[in-house]
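K.L.:
Fold the following for me, if possible:
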Amino acid sequence: MNTNTKFAGLDIVSPIIVGSCGLSTTLQGLEKMYQSGAGAVVLKSIFEEQILMEIKKNTANYSNPYETFGDSYDYIANHIETNALETHLNLVRKAKASFPMPIIGSINCSTFGNWVTYAKQFQDAGCDALEINMLYLPFNVNTSHDDVQRLFSDTVQALRRIITIPIIIKVGAYFTDLAKFLQQLSWTGISALTLFNRAASWDIDTEKREIVHGSIVGSPDDLFMPLRWTAILSKKVRCDISASGGVYTGNDAVKMLLAGASAVQVVSTLYKNGIGHIANINNELKQWMERNNYNTIDEFKGSMAMKTNDDASQFERIHFMKYFSEIN
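P.N.:
Predicted coordinates for the structure are as follows:
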């Protein structure tokens, strides 16, 4: 069975790729992923806040760094920023020199200009593609839909003026008109969408009355959100889809591919079962293909996707009626 396929213009030996996570921060971890048959690896995201914290830590002894250093502060801050980025860029360079699998950089910024600045440096370091993690929670009641759409559109257009490697936009599901929004985003010339990024969960400690971390690792039940929207969107967008969330087994990966995903990201299952579990997922995928007489991914990819808006509405309505009315 041939699992070779394409994602975001990249040739990959398997649609199973490792999503951005702490497991992809070392050369040893990347080697295990390559040896286990990963089609590609998304490196752990570099966060703009991470860089700012590094600058703050290095100037913590000064109550007002601008007054202390004067015009030199910008130079010092830039030097600290460059050193902080260099760790990530060195990993890219070493990975590209060591493994033939595609290496995808991941960037998460809050300042418009730094999207382009960081992206250019990752491209120059040798990344095969960039995943731009635009995690946006629309919590501000003063921010309109048009404001959000403009933010995404302006960021993508700024990146496309500088970046020549494939651009993958990783988005959340919190949008008023998700289908239309992502369709329009796909028209901007990006190579792929990742559905979806996972906001850090939080909880309340009722005894201490404090905000605490929720579960860090995802659940197999997380599968259903990206599965639904991959099926709805894969025939309607002008780019590939990478499905992310809840994929623990080869059967989960098959579902995402049937829904129209070109690649399937795995993370939580690797924390639970080890990086070597990638090989198990690939084997289960191949066994399913053999049982169903498929020789290539393209022969079945998207065969269960929704082709029209009517398909989607009927799908939702039928399942609602089955659940609440016990209609057979």
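K.L.:
from memory residue 23 sits against residue 31, does it?
P.N.:
No - contact between residue 23 and residue 31 fails when scored by Cβ atoms under 8 Å: they sit 11.7 Å apart. (Glycine included, C-beta is placed from N, CA and C.)
K.L.:
higher neighbour count, the two?
P.N.:
residue 23 (19 against 14; other Cβ atoms under 10 Å).
K.L.:
Which residue is the nearest non-sequential neighbour of that one?
P.N.:
residue 29 (5.1 Å; Cβ to Cβ, 6 or more residues apart in numbering).
K.L.:
just residue 290 next, same as before
P.N.:
residue 1 (5.6 Å).
K.L.:
gap between that neighbour and residue 145?
P.N.:
44 Å (Cβ to Cβ, to the nearest Å).
K.L.:
before we move on, back to that, the residue nearest to residue 290: how many residues sit nearby?
P.N.:
14.
K.L.:
Report the separation between it and residue 279.
P.N.:
Distance from residue 1 to residue 279, by Cβ to Cβ: 14 Å.
K.L.:
Go ahead and name everything in contact with the strand or helix carrying residue 30.
P.N.:
According to DSSP states H and E, residue 30 maps onto helix 27-35. For helix 27-35, the external contacting residues (Cβ atoms under 8 Å, 6 or more residues apart in numbering) are 18, 23-24, 41, 91, 94-95, 98-99, 101, 103, 275-276, 278.
K.L.:
Tell me the one among those residues nearest to residue 287.
P.N.:
If you rank the contacts of helix 27-35 by distance to residue 287 using Cβ to Cβ, residue 278 comes first, at 15.1 Å.
K.L.:
Just give the nearest non-adjacent residue to the closest one, would you?
P.N.:
residue 36 (3.8 Å).
K.L.:
where exactly do the helices run in this protein?
P.N.:
27-35, 48-58, 65-69, 72-98, 112-125, 145-162, 178-186, 224-233, 250-259, 268-273, 277-291, 309-325 (DSSP state H).
K.L.:
Can you flag the weakest of the ones you listed by average pLDDT?
P.N.:
Least confident of these, judged by mean pLDDT, is helix 65-69 with a mean of 41.
K.L.:
List the residues that contact the spatially closest residue to residue 285 that is not a sequence neighbour.
P.N.:
Leaving aside its chain neighbours, residue 285 sits nearest to residue 250 (4.6 Å; criterion: Cβ to Cβ, 6+ apart). Neighbouring residues of residue 250 by Cβ under 8 Å, 6+ apart: 280-285, 287-288.
K.L.:
Now with 6 Å, please.
P.N.:
Taking Cβ atoms under 6 Å, 6 or more residues apart in numbering as the contact definition, residue 250 lies against 281, 284-285.
K.L.:
again, but for residue 156
P.N.:
residue 188.
K.L.:
now it: how far from residue 88?
P.N.:
Taken as Cβ to Cβ, the span from residue 156 to residue 88 is 22 Å.
K.L.:
how many neighbours does the nearest residue to residue 301 once chain neighbours are set aside have?
P.N.:
Leaving aside its chain neighbours, residue 301 sits nearest to residue 257 (5.2 Å; criterion: Cβ to Cβ, 6+ apart). When neighbours are defined as other Cβ under 10 Å, residue 257 has 28 of them.
K.L.:
Next: residue 121.
P.N.:
19.
K.L.:
From residue 36, how far out is it?
P.N.:
29 Å.
K.L.:
before we move on, what about residue 107?
P.N.:
From residue 107 to residue 36 the distance is 25 Å (Cβ to Cβ).
K.L.:
the more surrounded of these two?
P.N.:
residue 107 (27 against 20).
K.L.:
measure that one to residue 132 for me?
P.N.:
Look at residue 107 and residue 132: by Cβ to Cβ, they are 6 Å apart.
K.L.:
before we move on, what about residue 10?
P.N.:
Distance, residue 10 to residue 132, using Cβ to Cβ: 16 Å.
K.L.:
Could you do residue 146 as well?
P.N.:
In terms of Cβ to Cβ, residue 146 sits 21 Å off from residue 132.
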